[in-house]
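Visitor: Quick check, what structure comes out for this input:
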Amino acid sequence: MLAASHTSEPRVINVDKNAAYPRAFNELKAEGRIPQSCELRPVKYLNNLIEQDHRFIKRLTKPGLGFFSWETAWRTIRGFEIMNMMRKGQLQGMEKGNVEAQVAFVAKLFDVAA
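Guide: Prediction:
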(Lines give C-alpha, C1' and ligand atoms only; values in the text may rest on other atoms or scores of the structure.)
Protein backbone atom coordinates (compact mmCIF):
# COMPACT_ATOMS: atom_id res chain seq x y z
CA MET A 1 0.00 0.00 0.00
CA LEU A 2 1.40 3.37 -1.00
CA ALA A 3 0.49 6.26 1.30
CA ALA A 4 0.47 9.89 0.20
CA SER A 5 3.16 12.09 1.71
CA HIS A 6 0.65 13.86 3.97
CA THR A 7 -0.95 10.70 5.37
CA SER A 8 0.13 7.66 7.30
CA GLU A 9 -1.15 4.12 7.38
CA PRO A 10 -3.79 3.43 10.02
CA ARG A 11 -2.79 1.26 12.95
CA VAL A 12 -6.38 0.65 14.09
CA ILE A 13 -9.79 1.28 12.54
CA ASN A 14 -12.61 1.76 15.07
CA VAL A 15 -16.11 0.75 14.02
CA ASP A 16 -19.39 -0.09 15.70
CA LYS A 17 -20.55 -3.69 15.83
CA ASN A 18 -22.24 -3.74 12.42
CA ALA A 19 -21.76 -7.24 11.00
CA ALA A 20 -20.74 -5.91 7.57
CA TYR A 21 -17.52 -4.27 8.79
CA PRO A 22 -15.33 -7.36 9.38
CA ARG A 23 -16.07 -8.76 5.92
CA ALA A 24 -15.43 -5.42 4.19
CA PHE A 25 -12.28 -4.91 6.27
CA ASN A 26 -10.91 -8.33 5.29
CA GLU A 27 -11.71 -7.73 1.61
CA LEU A 28 -9.90 -4.37 1.68
CA LYS A 29 -6.93 -6.01 3.40
CA ALA A 30 -6.82 -8.76 0.75
CA GLU A 31 -6.87 -6.10 -2.00
CA GLY A 32 -3.98 -4.28 -0.33
CA ARG A 33 -5.99 -1.12 0.33
CA ILE A 34 -5.52 -1.52 4.08
CA PRO A 35 -2.12 -2.52 5.50
CA GLN A 36 -1.81 -6.07 6.83
CA SER A 37 -0.70 -4.72 10.21
CA CYS A 38 -3.94 -2.73 10.64
CA GLU A 39 -6.39 -3.96 13.24
CA LEU A 40 -10.18 -3.74 13.18
CA ARG A 41 -11.61 -2.75 16.55
CA PRO A 42 -15.39 -3.28 16.72
CA VAL A 43 -16.51 -1.57 19.93
CA LYS A 44 -20.08 -0.30 20.05
CA TYR A 45 -19.43 3.00 21.87
CA LEU A 46 -15.81 3.79 20.93
CA ASN A 47 -16.74 6.34 18.24
CA ASN A 48 -19.62 7.71 20.28
CA LEU A 49 -18.34 11.33 20.37
CA ILE A 50 -18.08 11.41 16.59
CA GLU A 51 -21.46 9.76 16.16
CA GLN A 52 -23.07 12.23 18.55
CA ASP A 53 -21.68 15.22 16.67
CA HIS A 54 -23.47 14.37 13.42
CA ARG A 55 -26.63 12.76 14.71
CA PHE A 56 -28.52 16.04 14.20
CA ILE A 57 -27.90 15.66 10.46
CA LYS A 58 -29.48 12.21 10.52
CA ARG A 59 -32.51 13.69 12.28
CA LEU A 60 -32.85 16.43 9.65
CA THR A 61 -32.32 14.29 6.56
CA LYS A 62 -34.55 11.34 7.45
CA PRO A 63 -37.88 13.21 6.96
CA GLY A 64 -36.64 14.31 3.52
CA LEU A 65 -36.39 10.65 2.45
CA GLY A 66 -32.71 10.99 1.67
CA PHE A 67 -31.08 12.72 -1.25
CA PHE A 68 -31.51 12.17 -4.95
CA SER A 69 -27.98 13.11 -5.95
CA TRP A 70 -24.53 13.48 -4.46
CA GLU A 71 -24.56 17.21 -5.28
CA THR A 72 -27.84 17.77 -3.40
CA ALA A 73 -26.57 15.85 -0.39
CA TRP A 74 -23.26 17.74 -0.37
CA ARG A 75 -24.87 21.18 -0.55
CA THR A 76 -27.58 20.40 2.01
CA ILE A 77 -25.27 18.83 4.56
CA ARG A 78 -22.80 21.68 4.13
CA GLY A 79 -25.60 24.11 5.02
CA PHE A 80 -26.60 22.03 8.05
CA GLU A 81 -22.98 21.92 9.21
CA ILE A 82 -22.40 25.68 8.97
CA MET A 83 -25.60 26.40 10.86
CA ASN A 84 -24.60 23.89 13.55
CA MET A 85 -21.13 25.44 13.79
CA MET A 86 -22.71 28.86 14.30
CA ARG A 87 -24.98 27.48 17.01
CA LYS A 88 -22.02 25.85 18.77
CA GLY A 89 -19.89 29.02 18.57
CA GLN A 90 -17.24 27.51 16.31
CA LEU A 91 -16.92 30.40 13.82
CA GLN A 92 -14.09 32.86 14.24
CA GLY A 93 -15.24 36.39 15.00
CA MET A 94 -18.69 35.30 16.12
CA GLU A 95 -19.41 34.45 19.74
CA LYS A 96 -21.78 31.66 20.70
CA GLY A 97 -25.27 33.08 21.25
CA ASN A 98 -24.65 36.31 19.31
CA VAL A 99 -27.86 36.11 17.29
CA GLU A 100 -27.39 39.50 15.63
CA ALA A 101 -23.99 38.48 14.24
CA GLN A 102 -25.43 35.15 13.10
CA VAL A 103 -28.30 36.86 11.27
CA ALA A 104 -25.88 39.30 9.61
CA PHE A 105 -23.59 36.41 8.59
CA VAL A 106 -26.42 34.42 7.02
CA ALA A 107 -27.75 37.54 5.26
CA LYS A 108 -24.29 38.25 3.84
CA LEU A 109 -23.79 34.61 2.91
CA PHE A 110 -27.02 34.44 0.95
CA ASP A 111 -26.92 38.07 -0.23
CA VAL A 112 -30.22 39.06 1.38
CA ALA A 113 -31.21 42.02 3.52
CA ALA A 114 -31.15 41.37 7.27
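Visitor: Please make it C-alpha for all contacts and neighbour counts, starting now.
Guide: Noted.
Visitor: What is the neighbour count of Y45?
Guide: 12 (other Cα atoms under 10 Å).
Visitor: do L109 as well
Guide: Applying other Cα under 10 Å, we find 9 residues neighbouring L109.
Visitor: and D111, how many neighbours?
Guide: Each residue near D111 was counted by other Cα under 10 Å, and the total is 10.
Visitor: where does it land in three-state SS?
Guide: Secondary structure assignment for D111 (DSSP: H, G, I helix; E, B strand; the rest coil): coil.
Visitor: Can you check the pLDDT for it?
Guide: pLDDT for D111: 75.
Visitor: Also S5?
Guide: What the model reports as pLDDT for S5 is 54.
Visitor: In terms of helices and strands, where is R87?
Guide: Assessed by DSSP states H and E, R87 sits inside helix 70-88.
Visitor: where exactly do the strands run in this structure?
Guide: All strands of the chain, identified by DSSP state E, fall at 12-15, 39-42.
Visitor: List the buried residues of the first one.
Guide: Looking back up the chat, that one is strand 12-15. Residues of strand 12-15 classed as buried: V15 (neighbour count, 16 or more other Cα atoms under 10 Å).
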